[in-house]
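Trainee: Quick check, what structure comes out for this input:
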Amino acid sequence: MSNGDIFFGELIGTAILILFGAGVCAAVTLRFSKARASGWIVIAFGWGFAVLAGAYTAAPLSGGHLNPAVTLGLAVDTGVWDKVWVYLLGQMAGAMLGAVLAYLVYFAQFQANTRRGGTTEGTADEPVPTLGIFSTIPEIRNPVANLMTEILATIALVLPLLALVGSNRHVEGIGIGQIAGQGEGIYGSGIVILLVALLVVGIGLSLGGPTGYAINPARDLGPRIIHSVLPIPNKGTSDWGYSWIPVVGPVIGGLLGGVIYNAAF
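Mentor: Just a heads-up that it's a prediction; the model follows:
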């Protein structure tokens, strides 16, 4: 598995992940969207399908990590670190690209995110904040609690994922079963990719309420950067004061997930 395969696999797969994920958030959030106000269940399933589509696409090239926390957890478990930087670079670039693509899909809705004539503050026609379409926002701002939520939710992703792919984890490429050309990647079969996607849905439904479950540093940081530079009307703040939590929390959670799996299994 070459560095080029890894980079472009992760770039394309993570771009699809964010296109679907930010897309479902935009669909639920923005005015003049047919899915507006569909609710949290729609968002959780949208992100699950995002993982499904992105991982299936990237699997033949890179194994389909799509998440620095997953890459780090696998590296801790297997002891193979030489390709980690390529994965992280592809994931960040892909997350930023996916955020731009989601913006383009909902371009008209973003442009219409202005106060309509004759309306007053607090009405349904008032502009909506847009950061939550791209990145996570805590419901209660408590750094210790928010960080703990992200750590535990990421462990809840990485530990079951390592168990699901365990039989393939010591094959070439970051130590986790890249089977180039067979569409299997780290997962061994398409069924495992489906199970991981359902795992993400479950995490969203059960653990996503406090912080919005970033559980992926690239998924949060890349789109947050794009949000800060895009010319979105009434876009509001990019909340850089909170931005370290959905990066540091998943990194710690990914490392701990790898340590726990390595020690227990």
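
Trainee: Run through the helices of the stretch 101-250 of the chain in chain order.
Mentor: Taking DSSP state H, counting those that start in this stretch, the helices of the stretch 101-250 of the chain run over residues 107-111, 131-134, 143-164, 190-207, 217-229, 245-264.

Trainee: Buried residues in the third one, which are they?
Mentor: What that stands for is helix 143-164. Neighbour counts over helix 143-164 (16 or more other CB atoms under 10 Å) mark 146-162, 164 as buried. (C-beta placed from N, C-alpha, C; glycine too.)

Trainee: try the fourth one
Mentor: By neighbour count, and taking 16+ other CB under 10 Å as the criterion, the buried residues in helix 190-207 are 192-194, 196-197, 199-205, 207.

Trainee: Please apply the same query to the fifth one.
Mentor: For helix 217-229, the buried set under the neighbour-count rule, 16+ other CB under 10 Å, comprises 217-228.

Trainee: which other helices and strands contact the helix or strand hosting residue 100?
Mentor: According to DSSP states H and E, residue 100 maps onto helix 84-105. Helices and strands touching helix 84-105, by 3 or more CB pairs under 8 Å, 6 or more residues apart in numbering; DSSP states H and E, are helix 3-29, helix 68-78, helix 131-134, helix 217-229.

Trainee: right, so of those helices, which gets closest to residue 102?
Mentor: Minimum separation from residue 102 across the helices and strands packed on helix 84-105 (CB to CB) falls at helix 3-29, 3.8 Å.

Trainee: returning to that earlier point: turn the helices of the stretch 101-250 of the chain into JSON lines, columns for mean pLDDT.
Mentor: JSON lines is the format used below for those (pLDDT from 0 to 100):
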{"stretch": "helix 107-111", "mean pLDDT": "95"}
{"stretch": "helix 131-134", "mean pLDDT": "97"}
{"stretch": "helix 143-164", "mean pLDDT": "97"}
{"stretch": "helix 190-207", "mean pLDDT": "95"}
{"stretch": "helix 217-229", "mean pLDDT": "98"}
{"stretch": "helix 245-264", "mean pLDDT": "97"}
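
Trainee: wait, which of the ones you listed is closest to residue 7?
Mentor: Distance to residue 7, taken as CB to CB, is lowest for helix 217-229 among the helices of the stretch 101-250 of the chain, at 13.1 Å.

Trainee: related to what we said a few turns ago, now render the helices and strands packed on helix 84-105 as JSON lines, adding distance to residue 60.
Mentor: What follows is the helices and strands packed on helix 84-105, written out as JSON lines (distance: least, CB to CB, whole Å):
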{"stretch": "helix 3-29", "distance to residue 60": "7"}
{"stretch": "helix 68-78", "distance to residue 60": "17"}
{"stretch": "helix 131-134", "distance to residue 60": "28"}
{"stretch": "helix 217-229", "distance to residue 60": "20"}
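
Trainee: Name the residues of the helix holding residue 100 that are buried.
Mentor: The neighbour-count check on helix 84-105 (16+ other CB under 10 Å) flags 84, 86-103 as buried.

Trainee: The closest residue to residue 28 other than its chain neighbours: how many residues sit nearby?
Mentor: Excluding the flanking residues, the one nearest residue 28 by CB to CB, 6 or more residues apart in numbering is residue 38, at 4.9 Å. Residues near residue 38, counting by other CB atoms under 10 Å, number 15.

Trainee: Now residue 38. Its backbone dihedrals?
Mentor: Main-chain dihedrals, residue 38, degrees, to the nearest 10: phi -70, psi -20.

Trainee: from memory it sits against residue 29, does it?
Mentor: No - Residue 38 lies out of contact with residue 29 (CB atoms under 8 Å); the separation is 9.8 Å.

Trainee: which residues does the residue nearest to residue 35 when sequence neighbours are not counted contact?
Mentor: Leaving aside its sequence neighbours, residue 35 sits nearest to residue 27 (CB to CB, 6+ apart; 3.8 Å). Residue 27 sits next to 33-36, 38, 42, 46, 106 when contact means CB atoms under 8 Å, 6 or more residues apart in numbering.

Trainee: Just the pLDDT for residue 27.
Mentor: Predicted confidence (pLDDT) for residue 27: 97.

Trainee: Please report the distance of residue 216 from residue 194.
Mentor: Here the criterion is CB to CB, to the nearest Å. By it, residue 216 lies 19 Å from residue 194.
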